[in-house]
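> Predicted structure and sequence below. I'll ask about it afterward.
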Amino acid sequence: MLALTAVALLIHGYHPYAEDAEIYLPGVQKILNPRLFPANTEFFSAHAGHTLYPNLIAFLVRATHLPLPWAALLFHILSIFLLLAASWRLAEALFPSEAREDQWACWAAVALMAALLTLPIAGTDLYILDQFLNPRNLAAFAALFAVADVLQRKLARAAVWLAFGLAMHPLMACYAVFFCGWLIVLDRYRPRMLRFAAALPFGFTLEPPSAAYHEVALRQRSHFVLRWEWYEWVGAIAPVALLWWFAGFAERRGMKNLELVSRAMALFVVAAAGAAIGLGIPARFEALTRIQPLRCLALCYMVLVVAGGGMLGKYVLQSHVWRWVVLLVPLSLGMWYAQRQVFPSSQHLEWPWAEPRNLWVQAFEWIRVNTPVDALFALNPEHMELPGEDENGFRARAERSMLADAVKDKGAASMFPPLAETWAKQIADEKNFSHFDKDDFERLRQKYAVSWIVVQEPGPAGLECPYENATVRVCRLQ
């Protein structure tokens, strides 16, 4: 299992400050150093205030006396190991015999999970497991452990795992809580007429959204399933069809747990899809789309990988080494190649001790060392999506405050509507940032007390820029 953990890390890479690390890591940094982020703290503290994740990681950093970058790497590796261990536990519950072929089923389930950690989940902007430490990763292995314990009738232990998941990521863990409840219902009451899944707690509101919230909500395409592309719908429908086939296959062979979990998950996703469609149609429900019922596909994909891998190991791979090689080597290489395309300007493994290759990151690192802790920065609000930036978070990497961005901060504003007004105003003031001149930056300085900016080369004339490289300049506003 340790070897598979190492292989999984090599396949999928490690990018500690990328993507949603911009949302979660500053919460940890703020606890460790309260002087950080004096401005716009709410864009990450709103998430941090709903989870014990930043408190847990900060506590572990202090307890181990490790620098945060080293601790984040260690705990990320641990989260991979625990997800693989949870996959083994679930495979044991689905294929409970002690026969040799069922050991192959467990190993195949774990190996397939290790190869597919960064498999994109249809329409949700999620992976099975991210390439960096975050609360979703911790909730993921907790969910699989809980499902395995429910299947093995160890409900008290399942409750402990679910409580841990809720403390780490309440929204993602809710899907596991209700799925486990649905499993218990189906296991106890199995009439053929029972063909509906447990409803998720969506709440209810008749208040129309504000104009600012409407603007930010429309930018979150993943919240509105009717705006999904056709291939994203395929990614949601195909797992349901496969699981339903698994259920029939398992029922014919008397594999009770595999039949139960496959049928339950298929119906669960169908119910979630109906809820997502229902919430996405009336305008008055727009604020409720942030619940994102189809994020239950994250748990669905994990169950599908374990069940599918187990069946491959039991009935196809078995002890034939060449079959394992033919399946896993091309799959692993394909996943490695896909990750290299996601982060083309960065090292595949961004070790804490390595000098960054990415030019944006080099500028962010210079900022962290050479600018005041209370500095407020302005960057292109689309900077995380610019070529060569590789979705590196400025706050997480530079440990400095910045004006709202249009990539990750819009996610915070869409999840917490009171932030929408602040977000919309700052984004409006940063419009056409790439064409700003010295007067535009002076306007930001006077309105928001912006003291530093990061601009792409060549940048506007007349600014004092103590750092520059081939891609960006870091300039001080007097």
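Sure, I can see it.
> Distance of the most centrally placed residue in the chain relative to F441?
Nearest to the geometric centre of the chain sits L126, at 4.9 Å (CA atoms, centre = their mean). According to CB to CB, to the nearest Å, L126 stands 36 Å off from F441. Every residue, glycine included, has its C-beta placed from N, CA and C.
> now F59
Distance, F59 to F441, using CB to CB: 40 Å.
> For those two, work out which one has more neighbours and name it.
F441 (21 against 13; other CB atoms under 10 Å).
> I'd say the more buried one and V450 touch.
Yes - using CB atoms under 8 Å, F441 makes contact with V450 at a distance of 7.3 Å.
> Show me whatever sits in contact with both of these two.
Jointly contacting F441 and V450 under the rule CB atoms under 8 Å, 6 or more residues apart in numbering are 378, 477.
> Which parts of this structure belong to which domain?
Using automatic domain parsing, the domain ranges for the chain come out as 31-342, 359-476.
> is it fair to say P466 lies in a strand?
Yes - with DSSP: H, G, I helix; E, B strand; the rest coil as the criterion, P466 is assigned to a strand.
> Now do the same contact list for it.
By CB under 8 Å, 6+ apart, the contact set of P466 is 370, 474-476.
> The same query, at a cut-off of 10 Å, please.
366, 370-371, 452, 473-476 (CB atoms under 10 Å, 6 or more residues apart in numbering).
> And F364, by the same measure?
Residues in contact with F364 (CB under 10 Å, 6+ apart) are 17, 356, 358, 377, 379, 389, 392-400, 454, 472, 474.
> Please identify the helix or strand for it.
Counting by DSSP states H and E, the element that carries F364 is helix 359-370.
> May I have the very next helix or strand once past that helix as CSV, with CA atoms only?
Downstream of helix 359-370, the first helix or strand assigned by DSSP H and E is strand 376-379. Listed next in CSV are the C-alpha coordinates belonging to strand 376-379 (Å, rounded to 0.1, in the frame of the first residue of the first chain):
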residue,chain,number,x,y,z
LEU,A,376,-2.4,45.0,-0.4
PHE,A,377,-1.9,43.8,-4.0
ALA,A,378,-3.8,44.2,-7.2
LEU,A,379,-3.4,41.6,-10.0
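> how close does V326 sit to A6?
The gap separating V326 from A6 is 22 Å, by CB to CB.
> Could you give the number of residues near G393?
Neighbourhood size, G393 [other CB under 10 Å]: 27.
> What is the burial count for P38?
Other residues close to P38 by other CB under 10 Å number 13.
> I would like the residues contacting the strand or helix carrying P330, please.
Per DSSP H and E, P330 falls inside helix 321-342. Residues from elsewhere that reach helix 321-342 (CB under 10 Å, 6+ apart): 7-8, 10-13, 15, 18-19, 104, 107-108, 111-112, 114-120, 127, 131, 309, 312-313, 316-318, 320, 346, 348, 390-391.
> repeat that for 8 Å
Helix 321-342 is touched from outside by 7, 10-13, 108, 111-112, 115-119, 131, 312, 316-317, 348, 390, with contacts defined as CB under 8 Å, 6+ apart.
> Please apply the same query to stretch 82-92.
So stretch 82-92 is contacted by 1, 4-5, 8, 105-106, 109-110, 113-114, 117, 129, 137, 140-145, 147-149, 151, 302-303, 305-306, 309-310 (CB under 8 Å, 6+ apart).
> what about 6 Å?
Stretch 82-92 has contacts (CB atoms under 6 Å, 6 or more residues apart in numbering) with 1, 4, 105-106, 109-110, 113, 129, 140-141, 144-145, 147-148, 306, 310.
> ok, of those residues, which one's closest to P458?
L129 (40.2 Å; CB to CB).
> which residues touch L403?
L403 neighbours (CB under 6 Å, 6+ apart): 378, 426.
> one more time with 10 Å
Listed by CB under 10 Å, 6+ apart, the contact partners of L403 are 39-40, 43, 376-379, 381, 409, 423, 425-427, 429-430, 433, 444, 447-448, 450, 453.
> before we move on, the earlier item: give me the PyMOL select line for the contacts of helix 321-342, limited to the buried ones.
Per 16 or more other CB atoms under 10 Å, the buried members of the contacts of helix 321-342 correspond to this PyMOL selection:
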select buried, resi 7+11+12+13+108+111+112+115+116+117+118+119+131+312+317+390
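> Just the ones of the contacts of helix 321-342 in helices?
Counting by DSSP state H, the part of those found in helices is 7, 10-12, 108, 111-112, 115, 312.
> before we move on, back to that, could you check the pLDDT of the residue nearest to the centre of the chain?
If you check L126, the pLDDT there is 90.
> Isn't D374 up against N33?
No - at 11.9 Å, D374 does not count as touching N33 under the criterion of CB atoms under 10 Å.
> all strands of the chain, in order?
With DSSP state E as the criterion, the chain has strands at 120-121, 126-127, 376-379, 401-402, 452-456, 464-468, 472-476.
> So, low pLDDT: which residues of the protein?
Residue ranges of the chain with pLDDT under 70: 98-102, 190-224, 280-290.
> 50 - rerun?
By pLDDT under 50, the weakly predicted segments of the chain are 191-207.
> so V177 touches F164, yeah?
No - under the criterion of CB under 10 Å, V177 makes no contact with F164, lying 11.6 Å away.
> got any residues that touch both of these two?
Common contact partners of V177 and F164 (CB under 10 Å, 6+ apart): 143, 146.
> what residues are up against the closest residue to L83 other than its chain neighbours?
Nearest residue to L83, sequence neighbours excluded (CB to CB, 6 or more residues apart in numbering): F141, at 4.2 Å. Shown in contact with F141 (CB under 10 Å, 6+ apart): 78-87, 89, 129, 161, 164-165, 168, 302.
> out of those, which are inside helices?
78-87, 89, 161, 164-165, 168, 302.
> By neighbours, which of the residues you listed wins?
Of the ones in helices among the contacts of F141, with other CB under 10 Å as the count, S87 tops at 29 neighbours.
> Could you report the separation of the nearest residue to G235 once chain neighbours are set aside from Q152?
Using CB to CB, 6+ apart and skipping residues adjacent in sequence, the residue nearest G235 is A122, 2.6 Å away. Per CB to CB, A122 is found 30 Å from Q152.
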